[in-house]
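[1] All I have is the shape, not the residue letters:
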């Protein structure tokens, strides 16, 4: 059952404005003033939708039946408003609307007009590959033949038969993918090609799915996505890299990448780059990055703007892993010069956060501090997610300790603990919470006057969180940073040594 509050709270600003306009144009009954009042009270979360106090505001006394009818009326009005507002939202909705108009004209006896709307719907359905809707359209046309004699039914009987066969293949594909996805998650799946083929073959026999379906490009891409997600779920990145590599070779040999689905090739290459980095296979990243760069320039740079940051990020990670930190900085500085011309989500985080950490790797603390400072500006910082704000603040805290700004560092530490108190109590942020407990030892005492208790706490943290995971959200690995402080060694040198293992 759809609750009124759920319906209203999912409306965005444009949808709310559309409803207000819709409500103002309707000929309301005397009680209808209560509808807009109810809408506003629920929207502003001043009351739960069934609050006794809310009912009293609207009706002066507790009248549950009247309130129930009012809620239903409001829900219907909001839904009608949404349908009007999103009348042309996408191709499928446009097609459905054409079918609806055809039925309306059929009820009115306008059979010729009804047929015209169905022909328009057929064209849109074919353009959008909405084969399920095509079956409905052909059913409607054949029913219309009884009343409108200007239609040749044989033509549409043939079309319906052809479409039904095509639709049956799609339904079998969906069954295959659903079953494959379930079995991969339930079994001890290794990701090897033989394992995949055996699983698919077993499902094919069970569901009676032929090679004409499994050989379809769309089916192969869906199977690929299914296996990839299963390996991600298991966090088996070794098998994932092998599977992605084999998939890319297979799709390329079969020439499955076309202009219409070329973004699938780009996304697959991005996954390969990131998985190689996760597995510390930095040399293998370079050929995939070169292929990705080439692909972004295909078809008049059709997908260039959408995926250029993914390429640059992959290239930056490659430089970090191969001890070419100056190249990583140059790449990011060049990207920064282009400024807001680049239409990239989270531009500031992508550029300035990575620049700050790269300059830190290079031991250029002044530049690292300048770039993290950009993210601390109020107009940028407040737009970041809570998780990202915490990550930025911890990097800032580490940099202030490195710069011997002890008073600021102490103030920053207390601010982090206060602002992120509830977040740090969540299990997923246990590492950050434990790190913040021992970081005061590095602010004033500089590990010179540590007693056995403090040393034990630091040792315990390093033992518990020793593992380095490339690609994690930890911009500066806490344990490696502590190690660099204790041994008075260069952090980036320790990082490269760890990445080479």
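    Noted; the coordinates are in hand. Just so you know, these numbers come straight off a predicted model, no measurement behind them. Numbering: from 1, shown residues only.

[2] Show which residues not belonging to the strand or helix carrying residue 326 make contact with it.
    Using DSSP states H and E, residue 326 sits in helix 325-337. When contacts are defined by C-beta atoms under 8 Å, 6 or more residues apart in numbering, helix 325-337 is touched by residues 312, 315-316, 319-320, 342, 351-352, 354-355, 358-359, 361-362, 492. The C-beta positions use only the backbone N, C-alpha and C, and glycine is treated the same way.

[3] For those, point out the one with the lowest pLDDT.
    Least confident entry in the contacts of helix 325-337, by pLDDT: residue 342, with 59.

[4] Now do residue 8 against residue 73, distance only.
    Distance, residue 8 to residue 73, by C-beta to C-beta, to the nearest Å: 14 Å.

[5] more crowded one of the two?
    residue 8 (23 against 16; other C-beta atoms under 10 Å).

[6] just checking, what packs against the one helix or strand the more buried one maps to?
    Assigned by DSSP H and E, residue 8 belongs to helix 4-9. Packed against helix 4-9 by the contact rule (3 or more C-beta pairs under 8 Å, 6 or more residues apart in numbering; DSSP states H and E) you find helix 33-43, helix 64-85.

[7] would JSON lines of those helices with distance to residue 217 be doable?
    What follows is those, written out as JSON lines (distance: least, C-beta to C-beta, whole Å):
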{"stretch": "helix 33-43", "distance to residue 217": "46"}
{"stretch": "helix 64-85", "distance to residue 217": "35"}
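
[8] just to revisit the earlier point, from the contacts of helix 325-337, list the buried ones, please.
    312, 315-316, 319-320, 351-352, 354-355, 358-359, 361-362, 492 (16 or more other C-beta atoms under 10 Å).

[9] Summarise which helices and strands the host helix or strand of residue 379 is packed against.
    Here residue 379 sits within helix 378-381, counting by DSSP H and E. Using 3+ C-beta pairs under 8 Å, 6+ apart, no helix or strand is in contact with helix 378-381.

[10] And the next helix or strand past it?
    Sequence-wise, the next helix or strand downstream of helix 378-381 (DSSP H and E) is helix 386-402.

[11] Quick check: pLDDT value at residue 174.
    The model's pLDDT for residue 174 equals 80.

[12] tally of neighbours for it?
    Neighbours of residue 174 under the rule other C-beta under 10 Å: 12.

[13] for it, helix, strand, or coil?
    Secondary structure assignment for residue 174 (DSSP: H, G, I helix; E, B strand; the rest coil): helix.

[14] Against residue 472, how distant is residue 485?
    For residue 485, the distance to residue 472 - C-beta to C-beta - is 21 Å.

[15] Of those two, which one has the most company?
    residue 485 (18 against 10).

[16] Check whether that one really touches residue 442, as I assumed.
    Yes - in this structure, residue 485 is within contact of residue 442 by C-beta atoms under 8 Å, at 5.9 Å.

[17] Show the low-confidence segments of the stretch 151-300 of the chain, by residue range.
    By pLDDT under 70, the low-scoring segments of the stretch 151-300 of the chain are 185-214.

[18] Let's have the buried ones among the contacts of helix 325-337 in JSON lines, adding distance to residue 377.
    What follows is the buried ones among the contacts of helix 325-337, written out as JSON lines (distance: C-beta to C-beta, whole Å):
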{"residue": "312", "distance to residue 377": "23"}
{"residue": "315", "distance to residue 377": "27"}
{"residue": "316", "distance to residue 377": "23"}
{"residue": "319", "distance to residue 377": "27"}
{"residue": "320", "distance to residue 377": "26"}
{"residue": "351", "distance to residue 377": "14"}
{"residue": "352", "distance to residue 377": "10"}
{"residue": "354", "distance to residue 377": "17"}
{"residue": "355", "distance to residue 377": "15"}
{"residue": "358", "distance to residue 377": "20"}
{"residue": "359", "distance to residue 377": "18"}
{"residue": "361", "distance to residue 377": "23"}
{"residue": "362", "distance to residue 377": "23"}
{"residue": "492", "distance to residue 377": "27"}
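
[19] didn't residue 274 look like it was pressed against residue 314?
    Yes - at 6.7 Å, residue 274 and residue 314 qualify as touching, with contact defined as C-beta under 8 Å.

[20] Retrieve the pLDDT associated with residue 401.
    96.
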